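**Q** sequence first, then the predicted structure, then my questions.
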Amino acid sequence: MTRYASLVVTACLCAVSGLAFQRVFGLGPVLPVAMVATAVPTVLSGLLSGPRKGGRPWPLWLSLVLTVVAWAGTAAVTVLRPALGDGTFPQALREGVLGSWKSILTTLLPAPAKPEYLLLVHALVWLAAFASAELALRTPLRALPAVPPLGVWAAALLLGVDGPGSNLPLAAVTVVLVAVLVLVRADGPASGPVWRPLLAGLPAAAVLGALALALGPVVPVSADPYDPREQVQAPPPQQRDSVSPLDRVGGWLLSPDQVMFTVRSKRTEIERLAVLDAFDGVTWTSTARFVPTGSRVPEGPKPRRKHEVAQRVTIGALPGVYVPAPDRPREVDGLGVVADPAGGALAAAEPLRPGQTYTVTSEVPEWSADDLAGAGVADDAEARADRRLPWGPGATRPPVQLAEFRGFAQAATQGAASPIQKAAMLAEYLKRYAKYDVTAPPGHSYRQLDYFLGEGRRGTPEHFATAYALLARTLGLPSRVVVGFDGGNRAGNTVQYRSGDVMVWPEVKFAGLGWIRFNPLPDSARRSKSNDAVAAGETEKKLEQAQKNAASQTRGSGAGKTPRKTPPKPAAAHDAPTPWWVLASLAGAALVLAYLLAVLLAPALRRRRRRTGEPGDRITGAWHQALDHLADVGLATARTLTAHEVARFGASAVGEDARGHLGPLAELVDRSRFAPARPDPRAAEEAWHHTDQLGRLVTARAGRLRRLRRRLHPRSLRDRRASAKRGG
């Protein structure tokens, strides 16, 4: 009954360990998977491996075969049921078993609850529940059945790093359940009920769990947790749309009344669509590494001030796959998207369709003049890439326009003493230098921008933004181009964005701040052609005023003075190889864990082997087990001792109570060896009863700490059978 009672505790442990995957998928998808994967193998093991009247439990190999078959059948009718219906079951099964872990590591958390992803949770929890139940039924060790659920915990923690939510309450419950498992399996009087140790120990277990829950948040952590995602290569950049949104700008402005999408929100924000950061001399493209996500987008640089905005967006005539959202989106629901962790851009898995609706929650940063005034230019890997000025496809020498652009930019920012002043002065100069004209021919190559700056001096947002980005790069400022929508027609809490509201703007990256938007467009470009358009958003106005104030503060610092700069943060070394000492530490930890597992499992497996076989073999095994017990109180060898001499030693070392078990056990051993009749199973059971009682007496005499130290010694791996031939 004690072992069957422990099955309930091991099942709860495995279920809790499965729920720890809630940081990966969310609690809703994981809950039914963990419950099913815990209950079925536990019941199956209880039927096959539990004690039976008149015989031994079924062999372990039979339980293993049956649990694999049961797992496949249960997975087919539960987790993989959708794949079973559409004929993709073999592919989903192979992907779930072999590749789901890598797919999860390349997905922003929470990961979508795909059947092949959840199959990993189902398999791990099932395996842990089966192993825990078998250990609980087949071994006497108290805490050993808790090891498999802790392995599932380790997998959940590794896959759930940086996931939303907290596993601290589940960890506290795990502590309580491990304590309860030890209490349930505690050695007590043979006739004592199972509930007695529980009645005494449950209050202590509850206090232990409460302490774990209370102390968990205040435990000092000196470093960020290890994230296996850093070791998995992200998917390469890929073109998400056959037509760049930048190439659509001119056509949208000439047909300004198409409803692109509507936003239901109390606050008007600038809607970002696509981030283009790579220029080859002819066109701007995106190097965003889009990865799947269930709903969440990682946060970017943390501003001192920000505000949260929630929007419900309904797609209209907007083509392509890029999904509009304010900067910076944090959660998206209702639409399957991929996200760029670096830039926060969103893209749909399939081209957008009219009528699609989703909700997006964003945290929009707010910058003050003080934040911008002391900011230095970013110098990380991304910033260095976004300062490049390529010669153009197939070019063998730099184009002549680059020298002209550099001279133009230097003239526009003459007297600037800081990066923010250069960026702000360049934007103000372009506002006054050229005029806004939606009929200007599209294009943003070197040649076309040279015409825009030199002769035409009329252009759309495409020309102003791309010209600013190139001019900023000639000044050493990392820059990129963003396509989005600004303005819109508001009616109550709903803003309607039309094709005439499309906007293109440049951004410059500053150390510690990230990407800051600048507006080089004339004021006449603020509104679309509709008279009821919404003016520039409140956030945009504040940002432009902060830029002007920061530039004024720097300008007032005096000629020749270098303004205060915040030292740039070093670039993250994501591509650096793993240090040798980390690998050595992991290898050492693996060896230590392997040794601990070996020394803890070897005695249990040896005991199980001794209890099986013919009655004579079982009696001999009981004697060898008794010798192992006596080794804890000083019995060095039994090679030269008879059985009765060993019994006298036990009585002197353990106490007279031991004589009452060693004497009968020695007689059973002698009869099994020398009597003409073979011993019966009842004699074998009696021998093991004396051995178990002797083990309890030795534990009380030597103490659990001494027995544990001996268990950890390498000698515990050696079978004493050879050294006990004379004594056995």
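**A** That came through, no problem.
**Q** what sits against A156?
**A** Neighbouring residues of A156 by C-beta atoms under 8 Å, 6 or more residues apart in numbering: S17, G18, A20, F21, R23, V24, N167. Every residue, glycine included, has its C-beta placed from N, CA and C.
**Q** test my guess that the third one contacts L157.
**A** Yes. Taking contacts as C-beta atoms under 8 Å, A20 lies within contact range of L157: 7.1 Å.
**Q** which neighbours do those two have in common?
**A** Common neighbours of A20 and L157 (C-beta under 8 Å, 6+ apart) are N167.
**Q** of the two, who's got more company?
**A** Taking neighbours as other C-beta atoms under 10 Å, A20 and L157 compare with A20 leading, 25 against 17.
**Q** find the residue closest to that one in space, skipping its chain neighbours.
**A** Closest residue to A20 apart from its sequence neighbours, by C-beta to C-beta, 6 or more residues apart in numbering: A156 at 3.7 Å.
**Q** secondary structure element for that neighbour, which one?
**A** Element membership of A156, judged by DSSP states H and E, is helix 147-159.
**Q** any buried residues in that helix, and which?
**A** Neighbour counts using 16 or more other C-beta atoms under 10 Å place V147, P148, P149, V152, W153, A155, A156, L157, L158, L159 of helix 147-159 among the buried residues.
**Q** please apply the same query to stretch 313-327.
**A** 313-316, 318, 320-327.
**Q** straight-line length of that stretch, end to end?
**A** Separation of the first and last residues of stretch 313-327 by C-alpha to C-alpha, to the nearest Å is 15 Å.
**Q** starting at the chain centroid, how far to it?
**A** Centroid separation for stretch 313-327 versus its chain: 28 Å, with C-alpha atoms, centre = their mean, to the nearest Å.
**Q** dump the helix or strand harbouring T262 to CSV, restricted to CA.
**A** Secondary structure assigned from DSSP H and E places T262 in strand 259-264. Taking C-alpha atoms only, strand 259-264 is exported to CSV below (Å, rounded to 0.1, in the frame of the first residue of the first chain):
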residue,chain,number,x,y,z
VAL,A,259,-8.6,52.4,-46.9
MET,A,260,-5.5,50.5,-45.9
PHE,A,261,-6.6,49.5,-42.4
THR,A,262,-8.5,50.9,-39.4
VAL,A,263,-7.3,51.1,-35.8
ARG,A,264,-9.6,51.2,-32.7
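**Q** any idea which helix or strand comes after that strand?
**A** strand 271-276.
**Q** can you tell me the strand partners of the next helix-or-strand element following that following strand and which way each runs?
**A** Going down the chain from strand 271-276, the next helix or strand is strand 278-279, by DSSP H and E. Here strand 278-279 has these sheet partners by DSSP bridges: strand 284-285 (antiparallel).
**Q** and the next helix or strand after the partner strand, what does it pack against?
**A** Note on strand 284-285: by DSSP H and E, the next helix or strand toward the C-terminus is strand 291-293. Judged by 3 or more C-beta pairs under 8 Å, 6 or more residues apart in numbering; DSSP states H and E, strand 291-293 is in contact with strand 337-339.
**Q** strand partners (parallel or antiparallel) of the strand it packs on?
**A** The pairing partners recorded for strand 337-339 under DSSP bridges are strand 291-293 (antiparallel), strand 346-348 (antiparallel).
**Q** single out the most deeply packed of these.
**A** Mean neighbour count (mean count of other C-beta atoms under 10 Å) peaks for strand 346-348 among these, with a mean of 23.
**Q** what's in contact with that one?
**A** By C-beta under 8 Å, 6+ apart, the list of residues contacting strand 346-348 from outside reads 240-241, 290, 297, 321-323, 325, 329, 332, 335-340, 360.
**Q** again, 6 Å this time
**A** For strand 346-348, contacts defined as C-beta atoms under 6 Å, 6 or more residues apart in numbering pick out R240, F290, V321, Y322, V323, A325, V337, V338, A339.
**Q** now, which of the residues you listed sits nearest W515?
**A** Minimum distance to W515 across these is 15.1 Å, recorded for A325 (C-beta to C-beta).
**Q** bridging residues for that closest one?
**A** R272.
**Q** I'd say it and T359 touch.
**A** No. Counting by C-beta atoms under 6 Å, A325 stays clear of T359, with 10.2 Å between them.
**Q** what about G85, distance to E95?
**A** As judged by C-beta to C-beta, to the nearest Å, G85 and E95 stand 17 Å apart.
**Q** neighbour count for these two, which is higher?
**A** E95 (20 against 9).
**Q** quick one: contacts for the more buried one?
**A** By C-beta under 6 Å, 6+ apart, E95 lies in contact with E116.
**Q** now the buried residues of helix 147-159 in TSV, with pLDDT and distance to A75?
**A** What follows is those, written out as TSV (pLDDT from 0 to 100; distance: C-beta to C-beta, whole Å):
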residue	pLDDT	distance to A75
V147	91	24
P148	92	19
P149	93	20
V152	93	16
W153	92	21
A155	91	17
A156	91	19
L157	89	24
L158	87	22
L159	89	19
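**Q** would you convert the contacts of strand 346-348 into a markdown table that also reports pLDDT and distance to G500?
**A** Shown next, in a markdown table, are the contacts of strand 346-348 (pLDDT from 0 to 100; distance: C-beta to C-beta, whole Å):
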| residue | pLDDT | distance to G500 |
| --- | --- | --- |
| R240 | 64 | 24 |
| F290 | 85 | 29 |
| V321 | 91 | 22 |
| Y322 | 93 | 18 |
| V323 | 94 | 20 |
| A325 | 95 | 20 |
| V337 | 88 | 26 |
| V338 | 87 | 29 |
| A339 | 88 | 28 |
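**Q** for the residues you listed, which two are the farthest from each other?
**A** R240 and A325 (14.9 Å).
**Q** just checking, next helix/strand downstream of whichever helix in the chain runs longest?
**A** The residue-count maximum for a helix in the chain (DSSP state H) belongs to helix 580-610. Using DSSP H and E, the helix or strand that directly follows helix 580-610 along the chain is helix 615-631.
**Q** which other residues reach the very next helix or strand once past that next one?
**A** Going down the chain from helix 615-631, the next helix or strand is helix 643-654, by DSSP H and E. Applying C-beta under 6 Å, 6+ apart, the external contacts of helix 643-654 come out as 630, 633-634, 638, 658-659, 662-663, 666, 669, 697-698, 701, 727.
**Q** run through who's touching stretch 400-417.
**A** With contacts defined as C-beta under 6 Å, 6+ apart, stretch 400-417 is touched by 389, 422, 425-426, 429, 446, 450, 470-471, 474-475, 554, 563.
**Q** in the protein, what secondary structure element scores lowest on mean pLDDT?
**A** helix 195-215 (a mean of 62; mean pLDDT, DSSP states H and E).
**Q** now the helix holding A156, how far from the centre of its chain.
**A** Taking mean C-alpha positions (C-alpha atoms, centre = their mean), helix 147-159 and its chain are 13 Å apart.
**Q** now do that helix and helix 580-610, the angle between them.
**A** When axes from the mean of the first three to the mean of the last three C-alpha atoms, to 10 degrees is applied, the directions of helix 147-159 and helix 580-610 differ by 160 degrees.
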